[in-house]
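Visitor: I'll drop the sequence and a predicted model, then ask my questions.
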Amino acid sequence: MAKKLYEDDVLVIGLGRFGSAVAIELTKLGHHVVAVERDPHLAESFLGKVGRIVQADAAQPQSVANLKARSFQIAVVGIGSSVEASVLCAMNLVDAGIPTIWAKALSPSTPASSTGSACTTSSRPRSTAAAGSRTCSTAS
């Protein structure tokens, strides 16, 4: 097993292409991942692939409170379908007191600051055609 990147549990919001890749890779590295997905069918499809799946809308403050999000030190916001949902989610995580929040930039032209000024780091997905995979670059 590869070395863990962090000692803390990781909260991953959104299980689209970016969020699911993050959640699965962190799980493979031995991290305990709690993944949150709004779509119940998509959430169900990840049962057994990551530590824990919660079907909830993290853009809603009460959903984040119910997750006991304040117990996490690290969160990844992988919502790519809505700028509004991504920013609301990030703000809810900040309000919960999570000190390190990574967020997916919605496009290569999205400034890091508009991804959610509350986030400590934003990542822009990029394709690696030769390797047939997606990686990300950070924009702080």
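Guide: Arrived safely, thanks for sending.
Visitor: rest of the way, CA atoms for contacts and neighbours
Guide: Noted.
Visitor: Sheet partners, orientation included, of the helix or strand where L11 lies?
Guide: Secondary structure from DSSP states H and E places L11 in strand 10-13. Paired neighbours of strand 10-13 in the sheet (DSSP bridges): strand 33-37 (parallel), strand 74-77 (parallel).
Visitor: So for the next helix or strand along the chain from it, mean pLDDT?
Guide: For strand 10-13, the following helix or strand on the C-terminal side (DSSP H and E) is helix 17-28. Taken as a whole, helix 17-28 has a mean pLDDT of 94.
Visitor: can you give me the angle helix 17-28 makes with strand 33-37?
Guide: 160 degrees (axes from the mean of the first three to the mean of the last three CA atoms, to 10 degrees).
Visitor: Show me what helix 17-28 packs onto, helices and strands only.
Guide: Judged by 3 or more CA pairs under 8 Å, 6 or more residues apart in numbering; DSSP states H and E, helix 17-28 is in contact with strand 10-13, strand 33-37.
Visitor: Using CSV, lay out those together with mean pLDDT.
Guide: Shown next, in CSV, are the helices and strands packed on helix 17-28 (pLDDT from 0 to 100):
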stretch, mean pLDDT
strand 10-13, 96
strand 33-37, 96
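Visitor: between those strands, which one is nearest to S86?
Guide: strand 10-13 (9.1 Å; CA to CA).
Visitor: State the number of residues packed around D95.
Guide: For D95, the tally of surrounding residues (other CA atoms under 10 Å) stands at 16.
Visitor: where does the chain dip in pLDDT?
Guide: Counting by pLDDT under 70, the chain contains low-confidence ranges at 1-6, 106-140.
Visitor: mind listing the strands for it?
Guide: All strands of the chain, identified by DSSP state E, fall at 10-13, 33-37, 52-55, 74-77, 100-104, 121-128, 133-139.
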